[in-house]
Each structure stands twice: as structure tokens, then as C-alpha cells.
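Novice: Generate a structure from the sequence data that follows.
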Amino acid sequence: MAGAAAGDIAGYYAQHHGLEIECIADCIGATLLVLFAASFHSRIKTTPSLTSLVGAAILAACVLVQVAAFQALAFRPNPDLVRAALLNDLQSFTFQVATFPTLLFLGAAAASILGSAALPRWVGLGGLAAAALQAVSWVSFFAPSGSLAAGGVPNVVSFAALLAWLVASSVVMLVRSGPVESPAVSGRLQ
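Specialist: So this is what the prediction gives:
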């Protein structure tokens, strides 16, 4: 809806209720992502794993700004049309910008896995594949509408890859419980 007429935006939010559950899920997901990244960094303790944690924190901040903009818009019974358009554009922008910290998170996590061998190589390669799909999803910045625009096919596929990688990594980390000493001594953070 980015760039839509202000009246259409206000009308959409007036007619669509129940989207609050999505906001709650977004906030929980952002929190869990940061917890995952912190646990991941505590295992590997390299500069790339720290970079991954920073990327996750930036991504969580983008999600929380998006949710705040949505909530500010969704709970106004008769919003000012200009304010509604600005909040909607802010929400859309933070959704699209979240691609960059997601790419940073995945790329740095993959680099830390491949560089340290603290987790199986296939987990690192899966992170690289998910990061590559995030890079491809940047096409949404240039597609004003249609299946390639924000929220379209590239974003859905890259988000599914992120979730699949997070689940696989989480399972591997649970199976390999406890901190694992990395064979790569140089580059470790103390």
C-alpha cells in the first residue's frame, strides 16, 4: 500500500481488524531472533558471530518500528489522512529496509560457521543460500506493484528461507548442547 491515496489507506485500516495478532507475533519473533543470535554468538565467539548479533538487533529494531507505525495507524478511529499516509509509508519502508540487516545477519552467521566449523558445514551453506535469497529480494525496492513488489514472491521466499535456516540451526544447536569450542583459535573474541 505504499504510495496509495491517503483516503484508501485510512479506509483499509478502518475496515480491517484483527491484524493486532500479527503485530504480537512480529514482536515475539524479533525478540526470539535476538535471543537466537545471542546464543549463537555465545557458542562461536568470533567477530562474524558478533556481527550476526548486531544484524539481528538492527533487524529487530526495524520490526519494532514497523509494528509501532502500524499500531499508531491501526488504532486511530478517524486518522488524519496525511498522517495515515506517512505512517503507512514508514511501515512499508521499514519492511523493505529490513532486508539489509537480514542479509547482514545471515551472511555473518554463515561466515562464522564456515570459518569456525563450530556447526556442520551444511548449516553455514544453508545460511549463505538464505542470504543470497535476501539479496534477490531487493528487487522489491524497484517494483512499485505486482508479484515482485514488497510483500511479493521474492520476499515470501526469502523469509521462508530465513525461517527454515533458523529452525535447522536451532535444532543443530540443541542437539549439540553446550558451548562448542571452535577449531579456529585466531579471530575468536575473548
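
Novice: can you give me the helices in the chain?
Specialist: For the chain, the helices defined by DSSP state H occupy 6-15, 20-44, 47-74, 81-97, 99-116, 121-136, 153-175.

Novice: for these, which one ends up most surrounded?
Specialist: Greatest average neighbour count among the helices of the chain goes to helix 99-116 (a mean of 24), per mean count of other Cβ atoms under 10 Å. Where C-beta positions appear, they are placed from N, C-alpha and C, glycine not excepted.

Novice: now the angle from that one to helix 121-136?
Specialist: On the basis of axes from the mean of the first three to the mean of the last three Cα atoms, to 10 degrees, helix 99-116 is oriented at 160 degrees to helix 121-136.

Novice: Could I get the phi/psi values of the residue with the largest distance to the centre of the chain?
Specialist: For the chain, the largest distance from the centre (Cα atoms, centre = their mean) belongs to N78, which lies 31.2 Å off. Its backbone dihedrals place N78 at phi -130, psi 80, with angles given as degrees, to the nearest 10.

Novice: ok, now how distant is it from A72?
Specialist: Spatial separation of N78 from A72 under the definition Cβ to Cβ, to the nearest Å is 14 Å.

Novice: and if you look at I58?
Specialist: 21 Å.

Novice: what's the answer for A108, then?
Specialist: 32 Å.

Novice: residues touching the residue farthest from the centre of the chain, list them.
Specialist: Neighbouring residues of N78 by Cβ atoms under 8 Å, 6 or more residues apart in numbering: A10.

Novice: repeat that for 10 Å
Specialist: Residues near N78 by Cβ atoms under 10 Å, 6 or more residues apart in numbering: 10, 14, 84.

Novice: now do G146
Specialist: Neighbouring residues of G146 by Cβ under 10 Å, 6+ apart: 152-153.

Novice: Grab the nearest non-local neighbour of A5.
Specialist: By the measure of Cβ to Cβ, 6 or more residues apart in numbering, the closest residue to A5 outside its immediate chain neighbours is A85, 8.0 Å from it.

Novice: what comes into contact with the worst-scoring helix or strand of the chain on mean pLDDT?
Specialist: Each helix and strand of the chain was given a mean pLDDT (mean pLDDT, DSSP states H and E); the minimum falls on helix 6-15 at a mean of 75. The set of residues that contact helix 6-15 without belonging to it, under Cβ under 10 Å, 6+ apart, is 1-5, 19, 70, 73-89.

Novice: just so I know, which of the helices of the chain lies nearest S147?
Specialist: Comparing those by their distance to S147 (Cβ to Cβ), the top pick is helix 153-175, with 4.9 Å.

Novice: any idea of the mean pLDDT in that closest one?
Specialist: In this model, helix 153-175 has an average pLDDT of 93.

Novice: what's the angle from it to helix 99-116?
Specialist: 40 degrees.

Novice: other SSEs contacting helix 153-175?
Specialist: Here helix 153-175 is seen to pack against helix 20-44, helix 99-116, helix 121-136 when contacts are counted using 3 or more Cβ pairs under 10 Å, 6 or more residues apart in numbering; DSSP states H and E.
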